[in-house]
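In: Here is the input, now give the coordinates:
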Amino acid sequence: MPLILRWKESTALPVAGEGLGPDAFATLSIGEVARLSLPVGNGSAEVGDLFAIEGETGDGRLALEGDLRSVRRIGREMASGELTIFGDVGPGLGQGMSGGIMRVHGLVGDSAGAGMRGGMIRIHGSAGNNLGGSLPGARSGMREGVILVDGNIGHDAGLAMRRGVIAVIGNAGDGLGRAMIAGSIFSFGSVGIGLGSGMKRGTLALFGDAMPRIGPTFAASGRDRPPFLTIYLRKLAEWGVPVPEVAFSGTMRRYNGDRAERGQGEILVRAGH
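Out: Modelled structure (predicted):
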């Protein structure tokens, strides 16, 4: 049985949730978990004051339940284990995580997976801005790892992304893949403006029904079907992403850019628009 923490809703103040991760609790007893201190507003509180605790430690699994929108940076720098969240969460989920799996059944705040270095974040809901993007002062966004989103996402997803995979079934806001350095982003809904602006390398693969607005610094370079595309789509399906059947066939329009940044990136758009 995993360790389960149920939010008591005992405070409306912001809670710093960096210490809430399966690897952080793996060697602790239930009593030690309850006595751990978390910053709350300008003060602090013990985990046992904020959450009802049940289950067992030691098997690398942690479940959080409740309305956690006031809890920030849950699972920051998580390196191993499984974290499952039933409810909405605040900003900074999984920042800098390097391993393990996070699953969220709810809405996720801004900057989830920012600076990510490995592992997987699976969001069965929607997410805010800067998904898998960069942290303030950082030169790059996520450097490894996988982020999968069933719902919609906000602006600047994949900002300065260096490596890794982001897949979004719903709609994406403006600036998808902005300043992207490398990596792959798959979008199956509509996308906003500023697509791939300033990208250096990497791939944006778009399968939505509407033709996206491609910026003037991207050049059309014909149609093809890169072999890696089907390989990636099959992997997404293995991970449980509901990839539309139409994505597995047909050619893609290819645009190279951003030519203001040497033009080594690519935007692939499902042909037929």
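In: Every contact and neighbour count from this point should use C-alpha atoms.
Out: Will do.
In: domains of the protein?
Out: Listed by automatic domain parsing, the domain ranges of the chain are 1-66, 91-270.
In: for stretch 38-48, which positions count as buried?
Out: 38-40, 45, 47-48 (16 or more other CA atoms under 10 Å).
In: from the middle of its chain, how far away would that stretch be?
Out: On the basis of CA atoms, centre = their mean, to the nearest Å, stretch 38-48 sits 27 Å off its chain's mean C-alpha point.
In: State the pLDDT value of residue 58.
Out: pLDDT for residue 58: 86.
In: Chain neighbours aside, what residue packs nearest to it?
Out: Using CA to CA, 6 or more residues apart in numbering and skipping the chain neighbours, the partner closest in space to residue 58 is residue 26 (4.5 Å).
In: In contact with that neighbour, which residues?
Out: 57-60 (CA atoms under 8 Å, 6 or more residues apart in numbering).
In: what sits up against the biggest helix by length in the chain?
Out: The helix that spans the most residues within the chain, counting by DSSP state H, is helix 227-238. Residues outside helix 227-238 that contact it (CA under 8 Å, 6+ apart) are 167, 243, 247-248.
In: Take the residues you listed and lay them out in a markdown table including neighbour count, secondary structure and pLDDT.
Out: Formatted as a markdown table, the contacts of helix 227-238 follow (neighbours: other CA atoms under 10 Å; DSSP: H, G, I helix; E, B strand; the rest coil; pLDDT from 0 to 100):
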| residue | neighbour count | secondary structure | pLDDT |
| --- | --- | --- | --- |
| 167 | 22 | strand | 98 |
| 243 | 19 | coil | 95 |
| 247 | 17 | helix | 94 |
| 248 | 15 | helix | 94 |
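In: now, among those residues, which is nearest to residue 226?
Out: The shortest approach to residue 226 among the contacts of helix 227-238 belongs to residue 248, at 11.5 Å (CA to CA).
In: and the gap between the closest one and residue 148?
Out: Going from residue 248 to residue 148 by CA to CA, to the nearest Å gives 18 Å.
In: now swap in residue 68 and tell me
Out: Residue 68 is 20 Å from residue 148, by CA to CA.
In: Also residue 15?
Out: Counting by CA to CA - residue 15 and residue 148 are separated by 26 Å.
In: Which PyMOL command selects the buried ones in the contacts of residue 26?
Out: A single PyMOL command is used to select the members of the contacts of residue 26 judged buried by 16+ other CA under 10 Å:
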select buried, resi 57+58+59+60
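In: Just say helix, strand or coil for residue 31.
Out: Judged by DSSP: H, G, I helix; E, B strand; the rest coil, the three-state class of residue 31 is helix.
In: Return the per-residue confidence for it.
Out: pLDDT at residue 31 comes out at 94.
In: do the one 4 residues further on as well
Out: Among the per-residue scores, residue 35 shows a pLDDT of 96.
In: quick one, what contacts the residue nearest to it when sequence neighbours are not counted?
Out: Computed as CA to CA, 6+ apart, the closest residue to residue 35 that is not its neighbour in sequence is residue 46, at 5.3 Å. Taking CA under 8 Å, 6+ apart, we find residue 46 in contact with 34-38.
In: what mean pLDDT does stretch 208-228 have?
Out: If you average the pLDDT over stretch 208-228, you get 93.
In: so of the contacts of residue 46, which ones are in strands?
Out: Under the assignment DSSP state E, these contribute 37-38 to strands.
In: Now, of the contacts of residue 46, which are buried?
Out: Buried among the contacts of residue 46 (16+ other CA under 10 Å): 34, 36, 38.
In: The first one and residue 57 touch, don't they?
Out: No - the pair residue 34 / residue 57 is not scored as a contact, 11.7 Å apart, by CA atoms under 8 Å.
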